[in-house]
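Chemist: Show me the folded form of this:
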Amino acid sequence: MFSLDTIVQGLLLGGLYALFAAGLSLVFGIMRLVNLAHGDLIVLGAYLILGLGTVTGMNPFVAALIAMPLMFGLGWLLQTRLLNRVLGEDILPPLLVTFGLSVVIQNGLLAAFTADSRKLAAGPVESASVAIGPVHMGVMPVLTLATAVAVILGLNLLFYRTALGRAFRATSDDAVTAQLMGIRPQRIFAMATGIALVVAAIAALYLGTRANFDPSIGPARLLYAFEAVIIGGLGSLWGTLAGGVVIGLAQTMGAAVNPEWQILAGHVAFVLILMVRPRGLFPRAID
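Modeler: Predicted coordinates for the structure are as follows:
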């Protein structure tokens, strides 16, 4: 029933979902913050890349290189001017604030770009494919998966091989003690959100080049990201990659049975895994 091609396409689709989820996993691992605006920030990144490309005529991949530092700056400002004010023991204020931010972003994009769907034109690479034996793979999906692996690897190296990573882990474990040791948690949180939005810009690039997007699709991207994080295990970056792959495989297998079941199959896989592994496949705090 499920051909090798179906499985390979599911793996490649999982790379896109892992990119959606990586920034969300990063922020939750450090701040225990569930950012309900994460999907809309990815869509905002896609429109930013679109705008840069339209104004300058640059290829989306080049425009994304400019969008990344801009998204980092946006993340820094959001954290220092807004989110740091509501972080605390009560999880409700951050949820309400990020929900409000989601609504603002959606309506702002709707006013600026209308409800028409857009797409990033990447050129011939969009339709290029490679064949390995009987399996044909699009170049863009392969690039997406390779980028997802590189991003997860880079974030792990950042966490476990750098001074900034030690500060991230210390702040995640005990922000008060970290502050006594000279670490400024508010600054660390801003750095984490900035990095998360750089990852969101990378996700936006592949979202926009692989499919149409419009201002309203952010919540669906958030749902896929959230499911990937939960399936993989909260705080586990490699688990996030595995969670994205699980959703991708479930969706392609569901579509192979009946095209109408594609999205439903991913959600069913999410529920079934939680029934067996309530804490996800690889539960682990970032330590």
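Chemist: residue boundaries of the strands in this structure?
Modeler: Shown for the chain, the strands assigned by DSSP state E span residues 129-132, 135-138.
Chemist: Tell me which residues of the last one come out buried.
Modeler: Which is strand 135-138. Within strand 135-138, the residues that count as buried by 16 or more other CB atoms under 10 Å are M137, G138. From N, CA and C alone the C-beta is placed, and that goes for glycine too.
Chemist: Also stretch 175-184?
Modeler: A175, A178, I183.
Chemist: got TSV for those, with distance to A131 and pLDDT too?
Modeler: Output for these, formatted as TSV (distance: CB to CB, whole Å; pLDDT from 0 to 100):
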residue	distance to A131	pLDDT
A175	52	85
A178	51	87
I183	51	89
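Chemist: Keep only those of these that are in helices.
Modeler: Applying DSSP state H to the buried residues of stretch 175-184, the entries found in helices are A175, A178.
Chemist: Find me whatever residue is spatially closest to S216, sequence neighbours aside.
Modeler: Leaving aside its sequence neighbours, S216 sits nearest to Q106 (CB to CB, 6 or more residues apart in numbering; 6.4 Å).
Chemist: picking that back up, save the strands of the chain as JSON lines, and put in distance to A203 and mean pLDDT too.
Modeler: Shown next, in JSON lines, are these (distance: least, CB to CB, whole Å; pLDDT from 0 to 100):
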{"stretch": "strand 129-132", "distance to A203": "22", "mean pLDDT": "86"}
{"stretch": "strand 135-138", "distance to A203": "17", "mean pLDDT": "86"}
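Chemist: of all the ones you listed, which lies closest to G254?
Modeler: strand 135-138 (19.6 Å; CB to CB).
Chemist: Could you tell me which strands that closest one is paired with, and in which direction each runs?
Modeler: According to DSSP bridges, strand 135-138 forms sheet pairs with strand 129-132 (antiparallel).
Chemist: who's in contact with the partner strand?
Modeler: If you take CB atoms under 8 Å, 6 or more residues apart in numbering as the criterion, strand 129-132 is touched by H136, M137, G138, V139, V142.
Chemist: Just confirm the second one contacts G10, I think it does.
Modeler: No - with contact defined as CB atoms under 8 Å, M137 and G10 do not form a contacting pair (11.8 Å).
Chemist: residue ranges with poor pLDDT in the stretch 151-287 of the chain?
Modeler: 284-287 (pLDDT under 70).
Chemist: ok, which stretches of it are helices?
Modeler: Using DSSP state H, counting those that start in this stretch, the helices of the stretch 151-287 of the chain run over 163-173, 175-180, 185-210, 218-232, 237-257, 262-276.
Chemist: And the stretch 1-150 of the chain, by the same measure?
Modeler: Using DSSP H, counting those that start in this stretch, the helices of the stretch 1-150 of the chain run over 4-31, 38-56, 60-81, 92-113, 139-161.
Chemist: Compare these and give me the one nearest M191.
Modeler: helix 60-81 (7.5 Å).
Chemist: Against which helices or strands is the closest one packed?
Modeler: Applying 3 or more CB pairs under 8 Å, 6 or more residues apart in numbering; DSSP states H and E, one finds that helix 60-81 contacts helix 38-56, helix 185-210.
Chemist: would you turn those into JSON lines with mean neighbour count and distance to V246?
Modeler: Shown next, in JSON lines, are the helices and strands packed on helix 60-81 (neighbours: other CB atoms under 10 Å; distance: least, CB to CB, whole Å):
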{"stretch": "helix 38-56", "mean neighbour count": "23", "distance to V246": "19"}
{"stretch": "helix 185-210", "mean neighbour count": "24", "distance to V246": "18"}
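Chemist: follow-up on the earlier one: adding distance to A112 as columns, could you present the helices of the stretch 151-287 of the chain in TSV?
Modeler: Converted to TSV, those look like this (distance: least, CB to CB, whole Å):
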stretch	distance to A112
helix 163-173	34
helix 175-180	37
helix 185-210	16
helix 218-232	14
helix 237-257	30
helix 262-276	28
